[in-house]
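Enquirer: this is the structure alone, sequence omitted:
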């Protein structure tokens, strides 16, 4: 096995680990958000639903960052037009999510300052 094949294998392994990390981040954040939501229902407003939603949004954005990193690694190893298109789609989705999440965080901070 030559150096190029070793680097491709290593890069694919790192990309797979990165995808697993993204799945764990997203999965755990969904479970935690559900638990907080149901506790909130039972305890009558112990935690703001907006805070739960914003924390979930932050975790989803982080998970998307990891997925984007994995896709970048895979695209570098074997760039195809399909892979480049998928990478561009994920980048647009991540950028849009981060933009709107940032706006919501700013609005939440403004509401906290006013109250």
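Expert: Cool, got the structure. This one's a predicted model, so the numbers in the text were calculated from it and none came from an experiment.
Enquirer: contact partners of stretch 20-36?
Expert: 47, 52-53, 55-56, 59-60, 62-64, 66-67, 70 (Cβ atoms under 8 Å, 6 or more residues apart in numbering). Quick note: C-beta positions are derived from backbone N, CA and C, even for glycine.
Enquirer: ranges for the helices of the protein?
Expert: Assigned by DSSP state H, the chain shows helices spanning 3-43, 49-77, 81-114.
Enquirer: which residues of this structure score low on pLDDT?
Expert: 45-46, 112-115 (pLDDT under 70).
Enquirer: change it to 80
Expert: 1, 44-48, 78, 94, 98, 101-102, 105-106, 108-115 (pLDDT under 80).
Enquirer: mind listing what residue 84 touches?
Expert: Going by Cβ under 8 Å, 6+ apart, residue 84 touches residue 75.
Enquirer: which residues sit in contact with the residue nearest the centre of the chain?
Expert: Geometric centre of the chain, nearest residue: residue 63, 2.2 Å, by Cα atoms, centre = their mean. Residues near residue 63 by Cβ under 8 Å, 6+ apart: 22-23, 25-26, 29.
Enquirer: what is the burial count for the nearest residue to it once chain neighbours are set aside?
Expert: Closest residue in space to residue 63, ignoring its immediate chain neighbours: residue 26 at 3.9 Å, by Cβ to Cβ, 6 or more residues apart in numbering. As a burial measure, residue 26 scores 18 neighbours (other Cβ atoms under 10 Å).
Enquirer: same check on the one 3 residues further on?
Expert: Burial of residue 29, expressed as a neighbour count using other Cβ under 10 Å, amounts to 18.
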